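Trainee: how would this look folded up:
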Amino acid sequence: MKLWNIFVAFFIPGIVGYGGGPASIPLVENEVVDRFGWMNVTEFSEMLAMANALPGPIATKMAGFIGYQQAGILGAVVGVFATVAPSLILMILLLSLLAKFKNSPRVKTMTNLIRPAIAVLLGIMAFQFFNTSYEASGLFQTAFLIVASFILLEKMKVHPAFVILGSLVYGAIFLGNI
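Mentor: Numbers count the residues shown, from 1 in each chain. Presented below is the predicted three-dimensional model:
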């Protein structure tokens, strides 16, 4: 019953919490504090502050922490699954709908119209990453990492995970303030 309550406490905010994690915070608080009484307002506020200090989506961090607190590792798994389940279900339904109509001229037109927008968004993101790297590390370090990554990825066909790991190690050794 406890696992079911954890599932309900995070599935409902996941469905009605339009706007992502920050919009679901009051909904989660209602479930956790008012409905199930697992925490009081002060404990919830402290947990929220701790979750905000960590990287990643706030809703899954809250679900993992509260689920773990209530039912251990299985509770954390159930809480995180309940948080992502509404999006997962919707994506599966939309993908199956898209697959059903993949040969439709309207779907092909929509896909062709979306591609340039995605390319522009990726370009903006890459420029912002470059700008941040340039400001933090300088032109030489940034250019070196760009050229080295290009060679490793495109010429030597190294898996991207290894390039990212290598960049992290390089940054820790040569750019870190350790």
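
Trainee: residues of the lowest-mean-pLDDT helix or strand in the chain that come out buried?
Mentor: Using mean pLDDT, DSSP states H and E, the weakest-scoring helix or strand in the chain turns out to be helix 21-29, at a mean of 83. Within helix 21-29, the residues that count as buried by 16 or more other CB atoms under 10 Å are G21, S24, I25, L27, V28, E29. Every residue, glycine included, has its C-beta placed from N, CA and C.

Trainee: farthest pair in those?
Mentor: Farthest-apart pair in the buried residues of helix 21-29 is G21 and E29; separation 12.7 Å (CB to CB).

Trainee: the longest helix seen in the chain vs helix 21-29, what angle?
Mentor: Criterion DSSP state H: the longest helix present in the chain is helix 58-100. Angular relation of helix 58-100 and helix 21-29 on a 0 to 180 degree scale: 110 degrees, by axes from the mean of the first three to the mean of the last three CA atoms, to 10 degrees.

Trainee: list the helices and strands the next helix or strand after helix 58-100 packs on?
Mentor: Counting by DSSP states H and E, the next helix or strand C-terminal to helix 58-100 is helix 105-137. Packing contacts for helix 105-137, counted by 3 or more CB pairs under 8 Å, 6 or more residues apart in numbering; DSSP states H and E, involve helix 139-150.

Trainee: what lies in contact with the helix it packs on?
Mentor: Contact with helix 139-150 is made by F130, S133, Y134, V163, S167, Y170, F174, L175, as judged by CB atoms under 8 Å, 6 or more residues apart in numbering.

Trainee: just the buried members of those?
Mentor: Buried residues within these, counting neighbours by 16+ other CB under 10 Å: S133, V163.
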